[in-house]
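Chemist: got a sequence here, can you build the structure:
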Amino acid sequence: MPNGTMSVDALMQAMGRRASRAARALAMASSETKTRALEAMAYAVEASVAEILSGNDGDVADAQAAGMSAAMIDRLRLDAGRVAGIASSLRAIAALPDPVGAVADEWTRPNGLQIRRVRTPIGVIGVIYESRPNVTADAGALCLKAGNAVILRGGSDSRRSSAAIHRALQAGLDAAGLPRDAIQLVPTADRAAVGAMLTGLGGAIDVIVPRGGRSLVERVQRDARVPVFAHLEGLCHLYVDGAADLAMARAIAVNAKMRRTGICGAAETLLIDEAVASTHLAPILDDLAAAGCEIRGSEAVRALYPAARPATDEDFRTEYLDAILSVALVPGIEGAIAHIERYSSHHTEAVVTQDEAVADRFFRSVDSAILLHNASTQFADGGEFGFGGEIGIATGKMHARGPVGVEQLTTFNYRVSGSGQTRP
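Modeler: Model prediction:
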């Protein structure tokens with residue numbers, strides 16, 4: 001059992017109590033103090049490169065021995081450049097405006113009452129994630145910037161990497177005089193720890209953010225007794241319209257699928273307007289195949305591109321997270337919208353077209369968290385949105401949607417100032 005004879009439930013309940021105390025301290029912390037902590041974290045990550053990479057080497061070796069897929073190992077693997085990226089993201093978050101105390105709106109009533117809607121921390125965030133060790137830094141830093149304490153439960157596949165990064169984050173907290181319990185990492189791989197977090201730890205946890213595979217997110221959404229910011233999967237679509245510039249469409253299609261196949265913003269389905277199938281289909285698919293992508297096409301696609309393997313209905317429902325792409329022809333923008341509505345996970349979709357009316361129809365009709373026009377789906381990322389980083393991509397419609405950054409990790413209260421008014 002963790003910590004000698006302490007049970008997993010007792011361990012988690014104690015973590016919850018400590019997180020609650022830390023959250024109260026963070027709510028009062030100045031912007032300067034939080035910025036100082038984040039900058040110190042970045043320096044600590046840079047100073048710990050060897051330790052972080054050594055831990056990651058062990059995690060990757062275990063993953064390879066266990067037969068983990070190449071795409072999932074890519075999500076897990078760190079190198080010097082990716083560690084430098086973690087430090088850069090910490091500095092970017094440090095440089096963001098502090099959302100806490102920001103006035104979102106204000107107005108004066110006819111009776112003279114002055115009303116302000118002011119951003120406040122949520123409290124304690126529970127983050128449950130798999131594979132990606134950089135989530136340890138992103139989640140810890142974003143929660144801190146928004147004045148929240150966080151309990152991190154990483155996957156067993158990234159335990160060494162996450163622990164090394166977590167030590168750097170705590171060094172930053174120490175340097176700024178903030179409580180170490182502001183960013184806690186669950187020290188056990190026992191699945192009971194997840195179950196305990198989903199109960200809310202006796203009211204300590206205010207919201208849960210899962211970041212991982214479908215089975216993890218489904219469990220969290222099914223069992224959580226606190227609010228959840230989540231998406232089930234990133235089944236992202238790229239639609240090439242009849243008015244698309246072919247050179248642009250070719251470049252975007254290869255980038256959207258092949259830049260990094262294991263991220264949730266990778267395109268999984270390519271839709272092409274049947275009106276330009278004779279001119280656009282083969283060049284785009286040739287580029288993808290040359291980049292190492294396996295093409296799975298509908299019957300209409302295979303009639304024009306016989307090298308494609310047959311695509312089943314299940315293929316169009318699959319988030320491959322690998323160098324595999326489902327392809328279909330559709331009758332223009334209305335056909336694309338209908339296909340996306342049928343199969344999409346409502347994460348990210350993109351349209352390539354030079355027709356502004358088509359782009360406007362796409363934006364108005366497709367019900368997904370992120371929509372792009374003439375750009376790769378791989379831009380579905382909080383860092384690319386200028387958020388410094390993200391804790392995940394939320395596809396729900398309540399509170400947070402799309403990249404969850406510092407602003408989305410706050411709530412608000414109303415502050416009303418009067419001059420002696422009483423209500424008649």
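Chemist: so what touches stretch 307-321?
Modeler: Applying Cβ atoms under 8 Å, 6 or more residues apart in numbering, the contact partners of stretch 307-321 are 69, 71-72, 214, 233-235, 261-264, 266, 268-269, 285, 289, 294-299, 301-302, 326-328, 339, 343, 345. Heads up, the C-betas are built off the backbone N, CA and C, glycines and all.
Chemist: any idea how this structure splits into domains?
Modeler: 8-229+404-416, 236-379 (automatic domain parsing).
Chemist: what average pLDDT does the first one get?
Modeler: Per-residue pLDDT values across domain 8-229+404-416 average out to 94.
Chemist: which residues are in contact with Ile391?
Modeler: If a contact means Cβ under 8 Å, 6+ apart, then Ile391 has 125, 127, 135, 138-139, 142-143, 209, 211, 229, 382, 404-405, 409 as its contacts.
Chemist: what's the answer for Ala196, then?
Modeler: Applying Cβ under 8 Å, 6+ apart, we find Ala196 in contact with 8-9, 12-13.
Chemist: check Arg109 too.
Modeler: Contacts for Arg109 (Cβ under 8 Å, 6+ apart) come out as Ile115.
Chemist: cutoff 6 Å now
Modeler: Shown in contact with Arg109 (Cβ atoms under 6 Å, 6 or more residues apart in numbering): no residues.
Chemist: hang on, the earlier thing: neighbour-wise, which of the contacts of Ile391 leads?
Modeler: Sorting the contacts of Ile391 by how many neighbours each has (other Cβ atoms under 10 Å) puts Leu142 first, at 32 neighbours.
Chemist: could you check how far that one is from Val209?
Modeler: Look at Leu142 and Val209: by Cβ to Cβ, to the nearest Å, they are 10 Å apart.
Chemist: just Arg160 next, same as before
Modeler: Remark: distance between Arg160 and Val209 (Cβ to Cβ) = 22 Å.
Chemist: how about the contacts of Ile391, which pair is most distant?
Modeler: Across the contacts of Ile391, no pair lies farther apart than Ile125 and Gly382, at 15.0 Å, counting by Cβ to Cβ.
Chemist: show me where the stretch 151-300 of the chain has helices.
Modeler: Applying DSSP state H, counting those that start in this stretch to the stretch 151-300 of the chain gives helices spanning 159-176, 192-198, 214-223, 246-258, 282-290, 299-304.
Chemist: each with direction, which strands does whatever helix or strand comes next after the last one pair with?
Modeler: The one in question is helix 299-304. Per DSSP states H and E, the first helix or strand lying C-terminal to helix 299-304 is strand 309-310. Strand 309-310 pairs in its sheet with strand 294-297 (parallel), by DSSP bridges.
Chemist: tell me the confidence at the spatially closest residue to Ala380 that is not a sequence neighbour?
Modeler: If the residues on either side of it in the chain are set aside, Ala380 comes closest to Gly265, at 3.4 Å by Cβ to Cβ, 6 or more residues apart in numbering. On pLDDT, Gly265 comes in at 93.
Chemist: likewise the one 3 residues further on?
Modeler: pLDDT recorded at Glu268 is 98.
Chemist: between the longest helix that the chain contains and helix 159-176, how many degrees?
Modeler: The longest helix of the chain (DSSP state H) is helix 8-27. Here helix 8-27 points in a direction 40 degrees away from that of helix 159-176 (axes from the mean of the first three to the mean of the last three Cα atoms, to 10 degrees).
Chemist: between the helix or strand following helix 8-27 and helix 159-176, what angle do the directions make?
Modeler: Where DSSP H and E defines the elements, the next helix or strand beyond helix 8-27 is helix 31-47. Orientation check (the same axes, to 10 degrees): helix 31-47 against helix 159-176 gives 140 degrees.
Chemist: what's helix 31-47 in contact with?
Modeler: Here helix 31-47 makes contact (Cβ under 6 Å, 6+ apart) with 86-87, 90-91, 93-94, 98, 141, 144-145, 168-169, 171-173, 175-176, 178.
Chemist: just stretch 393-402 next, same as before
Modeler: Stretch 393-402 is contacted by residues 229, 231, 346-347, 369-370, 403-404, 408 when judged by Cβ under 6 Å, 6+ apart.
Chemist: for it, buried residues please.
Modeler: When burial is assessed from 16 or more other Cβ atoms under 10 Å, stretch 393-402 yields the following buried residues: 393-395, 400-402.
Chemist: so which of those residues sit within strands?
Modeler: 393-394, 402 (DSSP state E).
Chemist: and those, which is closest to Gly386?
Modeler: For these, the nearest to Gly386 is Gly402 (12.5 Å; Cβ to Cβ).
Chemist: separation between the closest one and Thr348?
Modeler: Distance from Gly402 to Thr348, by Cβ to Cβ: 9 Å.
Chemist: joint contacts of these two?
Modeler: Counting by Cβ under 6 Å, 6+ apart, the residues touching both Gly402 and Thr348 are Ile370.
Chemist: about what we covered before: wait, which of the helices of the stretch 151-300 of the chain is closest to Ile205?
Modeler: Closest to Ile205 of these is helix 192-198 (Cβ to Cβ; 6.3 Å).
Chemist: can I get that closest one as CSV, trimmed to CA atoms?
Modeler: Listed in CSV are the C-alpha atoms of helix 192-198, where the atom choice follows Å, rounded to 0.1, in the frame of the first residue of the first chain:
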residue,chain,number,x,y,z
ALA,A,192,-8.5,2.9,-7.0
ALA,A,193,-6.9,6.3,-6.9
VAL,A,194,-9.0,7.3,-10.0
GLY,A,195,-12.1,6.0,-8.4
ALA,A,196,-11.4,8.1,-5.3
MET,A,197,-10.9,11.2,-7.3
LEU,A,198,-14.2,10.7,-9.2
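Chemist: now it: how far from the chain's centre is it?
Modeler: Distance, stretch centre to chain centre, for helix 192-198: 21 Å (Cα atoms, centre = their mean, to the nearest Å).
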